[in-house]
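A.B. asks: From the sequence below, what's the structure:
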Amino acid sequence: MLPPSDRRLQTLAAVLQAPETFPATAWLCAPPALIPWQPESPAAVLLTAVPGQRVPCPPGLVRTLFMDEVQLLISRLLLQVPGATAALRVQVLHRYKYHDEFPALTSQPDELALHLAGAVRAGSLPAHQALAHFRRYFSHFTLEAARHILTQAMLRM
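C.D. replies: Numbers count the residues shown, from 1 in each chain. Okay, the predicted model is just below:
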């Protein structure tokens, strides 16, 4: 049995920050679809000792996805937007679960720039890496144009 400190509710942001630390067969529990998800929303990860073991969800939460899906989703997101913010992680998870879509965040330069600027502002991605990542997807832009697009995204935040 887990110690009491490991059995407490967490937030979606905390779970999605390091989903690989949980077993792939565990369940992510999150608020039901009627409640808007935020990074501060409560979450839990249910571990089962034996296949088929019944473990009730914490009150107010529902079983959402197996952690192997969450791990794959977040790894794909981080390939598109390294250092993705907690809000973006939660938004992508919600869109995947309830709208059956994984957004193409690298298809529009302004959208990718906005997400990269958010990661830079959050401190999870250095500015020079954001610029290099942006240019990887939009290599047809000159260096000056890419800097301008990222700067404009930072100013819009």
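A.B. asks: contacts, neighbours, all on C-alpha from now
C.D. replies: Fine.
A.B. asks: State the pLDDT value of the residue most central in space within the chain.
C.D. replies: In the chain, the centroid-proximal residue (Cα atoms, centre = their mean) is R89; its distance is 1.9 Å. For R89, the model assigns a pLDDT of 97.
A.B. asks: go on, P82?
C.D. replies: Looking at P82, its pLDDT is 96.
A.B. asks: how many neighbours does it have?
C.D. replies: By other Cα atoms under 10 Å, the residues close to P82 number 20.
A.B. asks: Could you tell me how far stretch 66-76 lies from the centre of the chain?
C.D. replies: Centroid displacement of stretch 66-76 relative to its chain, using Cα atoms, centre = their mean, to the nearest Å, is 9 Å.
A.B. asks: Show me which residues of it are buried.
C.D. replies: By neighbour count on 16 or more other Cα atoms under 10 Å, the buried set for stretch 66-76 is 66-71, 73-74.
A.B. asks: Sitting in strands, which of those do you find?
C.D. replies: Counted as lying in strands by DSSP state E, out of the buried residues of stretch 66-76, are F66.
A.B. asks: Phi and psi next, for the nearest residue to Q17 once chain neighbours are set aside.
C.D. replies: Ranked by Cα to Cα, 6 or more residues apart in numbering and with sequence neighbours excluded, the top spatial neighbour of Q17 is A86, at 7.2 Å. A86 adopts backbone torsions of phi -60, psi -40, taken as degrees, to the nearest 10.
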